[in-house]
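[1] Sequence isn't available, so here's the structure alone:
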């Protein structure tokens, strides 16, 4: 049974999670690892691990991250929202820069 939270997820998010699950399954198979081996490495039940491979959004992001690390894929979650890669945020920040900079009275630089 799908929860209401799942139903309101934007379609691109659902597709991305399903792709992530499929990618994890393919990576596991390429490494010749069984579901049981992954369950042990990730520290979850079989039901939960199978949800990971289906891209279930109700599984915690930490479990997805642990599965990726167990497959030797490093820490790919670390760069998901990296401020240095946020082009829109950087553009907004630049747009807010003052036109002129004036020294404060009595402050440094006088």
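    Sure thing, it's come through. Computed from a predicted model, the values in this text were never measured in an experiment.
[2] average pLDDT across stretch 89-107?
    On average, the pLDDT along stretch 89-107 is 81.
[3] in stretch 58-74, what counts as buried?
    59, 63, 64, 65, 66, 67, 68, 70, 71 (16 or more other CB atoms under 10 Å). For every residue, glycine as well, the C-beta is placed using N, CA and C.
[4] Among those residues, which pair sits farthest apart?
    Maximum pairwise distance in the buried residues of stretch 58-74, criterion CB to CB, is 15.6 Å, between 59 and 71.
[5] need the buried residues of stretch 58-74 in a markdown table with secondary structure, distance to residue 81 and pLDDT, can you?
    Below are those laid out as a markdown table (DSSP: H, G, I helix; E, B strand; the rest coil; distance: CB to CB, whole Å; pLDDT from 0 to 100):
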| residue | secondary structure | distance to residue 81 | pLDDT |
| --- | --- | --- | --- |
| 59 | coil | 19 | 96 |
| 63 | helix | 19 | 96 |
| 64 | helix | 15 | 96 |
| 65 | helix | 14 | 95 |
| 66 | helix | 19 | 96 |
| 67 | helix | 19 | 97 |
| 68 | helix | 16 | 96 |
| 70 | helix | 23 | 96 |
| 71 | coil | 22 | 97 |
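[6] tell me which of these is nearest to residue 96?
    residue 65 (33.2 Å).
[7] okay, now the closest residue to residue 83 other than its chain neighbours: neighbour count?
    Excluding the flanking residues, the one nearest residue 83 by CB to CB, 6 or more residues apart in numbering is residue 89, at 6.7 Å. Number of residues near residue 89 (other CB atoms under 10 Å) recorded here: 12.
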